[in-house]
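J.: Take a look and give me a structure for this.
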Amino acid sequence: MDDQASEAASLPGTARSCLKRPRHLPEFPRPTAGKVFSVRPSRRILVSSMAVAALLATSSGLASAIPADAGRPADGAATLSARATLADGARVDSRSEIDRLEKYWTPERMAKAVPADVPGPRAALPAAPPRGAGPTGRPGTTPAAPPLKAGERAAPRVNESSAVGKVYFRNPVNGGDYMCSAAAINSPSKQMVTTAGHCVNTGGVNGVAGHWMQNWVYIPRYRSGARPFGTYAAKEYRSFNGWINSGDLTRDVAMVTTWPLNGARVVDATGGHGLSWNFSRTQHMTVLGYPGNKDNGELQWACQGTTQQDGAGPKIAMHCDFGGGSSGGPWLRELNDANGLGSQNGVMSTISSGGWNQSPYFDDPVKAMFDAQGSIT
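T.: Sure, this is the predicted structure:
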């Protein structure tokens, strides 16, 4: 380890590195010849751009995904919402329930939480016409939003976003405590975050609908136990019927309305990303999250590179080697490193053999979910 890396390793809130931090992010190659390096001060960054042939070779044998050409139920693109609850079934509808939720997530309990189970193969779904590589409709975007009071935000740190955080929840099926990632997204309510469907619902198996998670909280810019923006309690979840009823990984997306914290809505406090849909599956993106296989999920990590279509199916993929815990983290177009905001065009869903990660393709139904949940307060 060089002197610069040794000095950085001793600073609070930094990630140890064996490489010097570049002054500026490089222009990444597309789509060949990847390079891996680390940056500071708040987390490491993994840069990846690999050949299409390698993607096709690895994505054909996914360790954690259904067959790429599996269809979806006719109503799979419709959505269903549910109110957030505590472990005893009480709705998180008042200050007393929020207080109980905050008391549940002690530092000790958070430390024992494990990365959410990455979804495994599900029963085959009814056949449907495959979606091709091109956009499924007219591309569209919604704007990002900076914090309401920019002066209260910490100075920007290279490659760390205040609009990305860690999620903790209880799985009602086995009673275990788990962690995922999520991101604040700008919406009319200013109270919404995005995550993976399997971070809010266990997902349907063999025709039996999944169970909604409990004791769900979002902690913006979590860092080694620190909660610089506090803890936001979930109020209401929304996910696709395809995930809830059938475990369809092409619909492994969720949006969650959170309660304001001390009068502050989450997007007003941290800023919120914009939304992109119907864009090309080949995009230069930044993936953010808290992978459990890197720093035990205690620091925010990033992966930058060029996405590709996931085999013959509708999903997109990038080689990040992000393990459990990163589930639900945003895949961002046009990340502005000065303010940590971008335009969300995917969400971390699965990992396959060889370190390839996958995201559902963001299409018109994702925008419809945004419209349905984005005004809930």
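
J.: tell me the secondary structure for the residue nearest to Gly242 when sequence neighbours are not counted?
T.: Counting by Cβ to Cβ, 6 or more residues apart in numbering, Gly76 is the residue found nearest to Gly242 once chain neighbours are left out, at 2.8 Å. All C-beta atoms are positioned from the backbone trio N, CA, C, and that covers glycine. Here Gly76 is recorded as coil under DSSP: H, G, I helix; E, B strand; the rest coil.

J.: Now do the contacts for Gly76.
T.: Counting by Cβ atoms under 8 Å, 6 or more residues apart in numbering, Gly76 touches Phe240, Asn241, Gly242, Asn245, Ser246, Asp248, Arg251.

J.: List the contacts of the second one.
T.: Contact analysis of Asn241 by Cβ under 8 Å, 6+ apart lists Pro73, Asp75, Gly76, Ala77, Ala78, Thr79, Leu80, Arg251.

J.: Give me the residue at the spatial middle of this structure.
T.: Gly329 (1.7 Å; Cα atoms, centre = their mean).

J.: Phi, psi for that residue please.
T.: With angles defined as degrees, to the nearest 10, Gly329 sits at phi -70, psi 150.

J.: Next one: the closest residue to it other than its chain neighbours relative to Thr377, how far apart?
T.: Of all residues not flanking Gly329 in the chain, Gly289 sits nearest, at 2.5 Å (Cβ to Cβ, 6+ apart). Using Cβ to Cβ, to the nearest Å, Gly289 is found at 27 Å from Thr377.

J.: When the two are compared, which one has more neighbours?
T.: Gly289 (34 against 14; other Cβ atoms under 10 Å).

J.: Might one say that the more buried one is in contact with Trp301?
T.: Yes: Gly289 lies in contact with Trp301 (Cβ atoms under 8 Å); the separation is 6.5 Å.

J.: Give the residues shared as contacts by these two.
T.: In terms of Cβ under 8 Å, 6+ apart, Gly289 and Trp301 are both contacted by the residues Phe322, Ser326.

J.: quick one on the thing from earlier: what's the spacing between the residue nearest to Gly242 and Arg221?
T.: Taking Cβ to Cβ, one finds Gly76 at 34 Å from Arg221.

J.: Now do the SS call for Trp331.
T.: Strictly by three-state DSSP, Trp331 counts as strand.

J.: burial of the closest residue to it other than its chain neighbours, as a residue count?
T.: With Cβ to Cβ, 6+ apart as the measure, Gly346 is the residue that lies nearest to Trp331, at 3.0 Å, once sequence neighbours are left out. Residues near Gly346, counting by other Cβ under 10 Å, number 30.

J.: please begin residue numbering at 391 from this point
T.: Fine by me, first position is 391 from now on; the one you just mentioned is Gly736.

J.: pretty sure Gly736 belongs to a helix, no?
T.: No: using three-state DSSP, the secondary structure at Gly736 is strand, not a helix.

J.: Poorly predicted segments of the chain, please.
T.: 391-464, 508-526, 533, 538-549 (pLDDT under 70).

J.: what about the helices in it?
T.: Secondary structure of the chain, counting by DSSP state H: helices at 393-399, 442-449, 485-494, 497-502, 631-636, 656-660, 754-763.

J.: could you dump those to a markdown table with distance to Pro536?
T.: Formatted as a markdown table, the helices of the chain follow (distance: least, Cβ to Cβ, whole Å):
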| stretch | distance to Pro536 |
| --- | --- |
| helix 393-399 | 28 |
| helix 442-449 | 35 |
| helix 485-494 | 26 |
| helix 497-502 | 29 |
| helix 631-636 | 32 |
| helix 656-660 | 9 |
| helix 754-763 | 19 |
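
J.: Out of those, which is the most enclosed?
T.: helix 631-636 (a mean of 27; mean count of other Cβ atoms under 10 Å).

J.: Send over it as CSV, restricted to the C-alpha atoms.
T.: Provided in CSV are the C-alpha atoms of helix 631-636 (Å, rounded to 0.1, in the frame of the first residue of the first chain):
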residue,chain,number,x,y,z
ASN,A,631,-48.0,-8.1,-10.2
GLY,A,632,-45.5,-10.1,-12.2
TRP,A,633,-43.0,-10.1,-9.3
ILE,A,634,-45.6,-10.4,-6.5
ASN,A,635,-47.6,-13.3,-8.0
SER,A,636,-45.1,-15.1,-10.2
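
J.: for it, the distance to its chain's centre please.
T.: 19 Å (Cα atoms, centre = their mean, to the nearest Å).

J.: The residue nearest to Ser749 when sequence neighbours are not counted and Ser614, how far apart?
T.: Take Ser749 and drop its neighbours on the chain: the residue closest to it by Cβ to Cβ, 6+ apart is Gly736, 3.4 Å away. Distance, Gly736 to Ser614, using Cβ to Cβ: 27 Å.

J.: still on that earlier bit, now the contacts of Gly466 as a markdown table including distance to Val607?
T.: Compiled in a markdown table, the contacts of Gly466 are given as follows (distance: Cβ to Cβ, whole Å):
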| residue | distance to Val607 |
| --- | --- |
| Phe630 | 23 |
| Asn631 | 25 |
| Gly632 | 26 |
| Asn635 | 26 |
| Ser636 | 28 |
| Asp638 | 26 |
| Arg641 | 24 |
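
J.: From the structure, what's the count of residues near the closest residue to Lys684 other than its chain neighbours?
T.: Closest residue to Lys684 apart from its sequence neighbours, by Cβ to Cβ, 6+ apart: Trp691 at 5.2 Å. Using other Cβ under 10 Å, the number of residues around Trp691 comes to 28.

J.: so what's Tyr627 closest to, chain neighbours aside?
T.: Val590 (4.4 Å).

J.: need the strands for the stretch 591-740 of the chain, in chain order.
T.: Along the stretch 591-740 of the chain, counting by DSSP state E, counting those that start in this stretch, strands occupy 604-610, 622-630, 644-648, 664-667, 674-679, 691-696, 698-699, 706-709, 720-726, 731-737, 740-741.
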